[in-house]
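J.: with the sequence up front, the predicted model follows.
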Amino acid sequence: MWMDTKTEAEEARRKHASLSQRVLNSLLSCTGDMVHLDKYMDDKWFVLQLAVWGLRGVARVILANNPLCGALILAALYWASPWQGLLGTLGVLTSTLTAVIMGQDSAEVSAGLHGFNGMLVSLLMGVFSSAGDWYWWLLLPVCLGSATCVFLFSGLAPVLDRWDLPVAVFPFNIIIVLYLLCTGHDNPYFPHHNAIPPGALEPNGTELIAVEVLRGIPLGVGQIFACGALGPSILILGAVVLYSPLLAVHAVLGSAVGTLAGLSVAVRHDSLYTGLSGFNGALGCMAVGGLFFTFSWRTHLYAIASAFLSAYSDIALRNLLGTVGLPACSWAATLTATLMLLLNGSLAAYRIPIGQVRAPEDNLRSRSQWEAGNTADRESTDV
């Protein structure tokens with residue numbers, strides 16, 4: 001009798017352990033790049049495939065490649081502003097469909113590489129529009145701008161491929177500047193707000209509120225999607241955690257560095273409180289801290305340096321472009337990350353070829369396996 005009871009208890013423990021393992025495996029399958037999902041979607045309806053491609057494009061804005069992350073981010077945008085969520089959805093679908101019609105590389109389309117620039121263009125058109133929400137005429141430039149991003153991406157890719165550089169958000173930054181220059185703040189159909197030039201506002205006259213500055217750090221992550229609400233910004237950060245905890249750490253660290261850089265040169269308090277001082281630092285830090293470079297203590301220091309350089313460059317570009325009423329967008333982080341990718345020396349040894357970039361944890365695992373293989377080859381050669 002005692003033996004039967006012991007056997008049943010052991011069997012129950014095995015079943016519980018097996019269930020826990022299955023749950024853990026299911027959760028782990030939702031992290032990283034979810035490559036297995038692409039194989040599963042091969043024979044599915046085009047509409048379902050388009051949805052997955054579009055969600056990957058949404059996540060690509062924040063340097064992730066996971067459709068579940070894209071779904072969380074899209075939910076955060078609709079939470080913050082249904083109109084902005086609609087514009088972002090329209091932008092990513094328009095650019096992805098344009099890439100399909102143009103016959104762009106199927107691997108690039110399915111990875112969302114032709115969707116994220118279109119989404120950013122549509123979001124920024126909505127943010128800078130002075131016509132208010134639900135201004136339906138805005139859908140016309142949103143669709144045209146998002147589609148044009150595909151042409152620019154296709155044209156820039158062969159040039160940048162020579163140096164193994166990503167196209168990144170160069171198309172978005174170019175298109176949004178051209179759109180704002182073409183329309184103007186007093187356009188009868190597509191009016192927009194001008195960026196405030198330096199010196200137009202009175203100097204900071206109130207004391208700095210420490211709580212608001214700390215609140216601006218997670219908002220800096222949300223501002224990558226032009227989202228200035230705290231709850232949605234935290235949800236966006238949670239989406240990054242789902243994709244890669246290491247990338248999320250660098251996102252928060254980069255935003256904090258950008259905020260510190262803003263404090264050091266006494267930028268306006270509004271920029272600190274709303275996260276505008278932090279989002280370029282977050283992007284610059286994420287790009288170097290494990291995405292395009294294998295994570296190590298050396299690349300971690302480079303990531304912090306990249307965040308500082310991105311933040312200070314953003315402040316300089318905002319002051320420069322503000323004189324003609326233009327925003328700096330994400331030019332600072334894009335140019336800084338490109339510069340970091342061109343560096344020689346010790347950092348180049350950690351550089352990951354663009355075609356092999358995965359989640360930071362996968363990049364680190366692949367490098368460990370490669371180094372272990374090289375060590376084994378050397379030992380066998382010595383013998």
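T.: Everything's here; your move.
J.: need the residue closest to the centroid of this structure.
T.: Nearest to the mean C-alpha position of the chain, by Cα atoms, centre = their mean, lies Ile62 at 1.0 Å.
J.: tell me the SS of that one?
T.: coil (DSSP: H, G, I helix; E, B strand; the rest coil).
J.: for the helix or strand hosting Asn280, the distance to its chain's centre please.
T.: If you go by DSSP states H and E, Asn280 is part of helix 279-286. Distance of helix 279-286 from the chain centroid (Cα atoms, centre = their mean, to the nearest Å) equals 9 Å.
J.: kindly report the same for stretch 107-120.
T.: Distance of stretch 107-120 from the chain centroid (Cα atoms, centre = their mean) equals 12 Å.
J.: mind listing what's buried in it?
T.: 108-120 (16 or more other Cβ atoms under 10 Å). The C-beta positions use only the backbone N, C-alpha and C, and glycine is treated the same way.
J.: export only the CA atoms of it, formatted as PDB.
T.: Taking Å, rounded to 0.1, in the frame of the first residue of the first chain, the C-alpha atoms of stretch 107-120 are listed here in PDB:
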ATOM      1  CA  ALA A 107      12.200  37.300 -47.200                       C
ATOM      2  CA  GLU A 108      12.500  41.100 -46.600                       C
ATOM      3  CA  VAL A 109       8.700  41.500 -46.900                       C
ATOM      4  CA  SER A 110       7.900  38.600 -44.500                       C
ATOM      5  CA  ALA A 111      10.400  40.000 -42.000                       C
ATOM      6  CA  GLY A 112       8.600  43.300 -41.900                       C
ATOM      7  CA  LEU A 113      11.500  45.300 -43.400                       C
ATOM      8  CA  HIS A 114       9.200  47.200 -45.800                       C
ATOM      9  CA  GLY A 115       6.600  48.100 -43.200                       C
ATOM     10  CA  PHE A 116       8.200  50.000 -40.400                       C
ATOM     11  CA  ASN A 117       9.200  53.100 -42.300                       C
ATOM     12  CA  GLY A 118       5.700  53.500 -43.700                       C
ATOM     13  CA  MET A 119       4.300  53.200 -40.200                       C
ATOM     14  CA  LEU A 120       6.600  55.900 -38.800                       C
END
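J.: identify the farthest-apart pair in the buried residues of stretch 107-120.
T.: Ser110 and Leu120 (19.7 Å; Cβ to Cβ).
J.: my read is Val52 is in a helix, agree?
T.: Yes - per three-state DSSP, Val52 lies within a helix segment.
J.: what is the neighbour count of the residue lying closest to it once chain neighbours are set aside?
T.: Excluding its sequence neighbours, the residue lying closest to Val52 (Cβ to Cβ, 6 or more residues apart in numbering) is Pro67, at 5.0 Å. By other Cβ atoms under 10 Å, the residues close to Pro67 number 24.
J.: okay, now the unreliable bits of the stretch 51-200 of the chain?
T.: Applying pLDDT under 70 to the stretch 51-200 of the chain flags the ranges 197-200.
J.: can you give me the helices for it?
T.: For the stretch 51-200 of the chain, helices defined by DSSP state H, counting those that start in this stretch occupy the ranges 67-80, 82-102, 106-110, 116-128, 139-161, 170-183.
J.: got the phi/psi numbers for Ile236?
T.: Dihedral angles of Ile236 (phi, psi; degrees, to the nearest 10) stand at phi -60, psi -40.
J.: and it, how far from Ile224?
T.: 8 Å (Cβ to Cβ, to the nearest Å).
J.: do Leu343 as well
T.: Using Cβ to Cβ, Leu343 is found at 24 Å from Ile224.
J.: more crowded one of the two?
T.: Neighbour comparison, Leu343 and Ile224: the larger count goes to Ile224, with 27 against 13 (by other Cβ under 10 Å).
J.: show me the contacts for the more buried one.
T.: The contact partners of Ile224, taken as Cβ atoms under 8 Å, 6 or more residues apart in numbering, are Val61, Ile62, Ile236, Phe279, Ala282, Leu283, Ser330.
J.: need the contact list for the nearest residue in space to the fourth one that is not next to it in sequence.
T.: The spatially closest residue to Phe279, leaving aside those adjacent along the chain, is Gln223, at 4.0 Å (Cβ to Cβ, 6+ apart). With contact taken as Cβ under 8 Å, 6+ apart, Gln223 is in contact with Ser233, Thr274, Gly275, Leu276, Gly278, Phe279.
J.: which of the residues you listed lies closest to Ala311?
T.: Nearest member of these to Ala311, counting by Cβ to Cβ, is Gly278, at 7.5 Å.
J.: so that closest one touches Leu253, yeah?
T.: No - contact criterion Cβ atoms under 8 Å: Gly278 and Leu253 do not qualify, at 10.2 Å.
J.: please say which of the two ends up with more neighbours.
T.: Gly278 (36 against 20).
J.: any idea how far Gly118 is from the residue nearest to that one when sequence neighbours are not counted?
T.: Nearest non-adjacent residue to Gly278, counting by Cβ to Cβ, 6+ apart: Gly220, 2.5 Å away. Computed as Cβ to Cβ, the Gly220 to Gly118 distance reads 23 Å.
J.: who touches stretch 353-366?
T.: 31-33, 64-65, 164-166, 243-247, 289-292, 294-295, 352.
J.: returning to what we had before: show me the contacts for the residue nearest to the centre of the chain.
T.: The contact partners of Ile62, by Cβ under 8 Å, 6+ apart, come to Cys69, Ile73, Val221, Ile224, Phe225, Ile236, Ala239, Val240, Ala251, Met286.
J.: which of the contacts of stretch 353-366 fall in helices?
T.: Among the contacts of stretch 353-366, DSSP state H puts Tyr243, Pro245, Leu246, Leu247 in helices.
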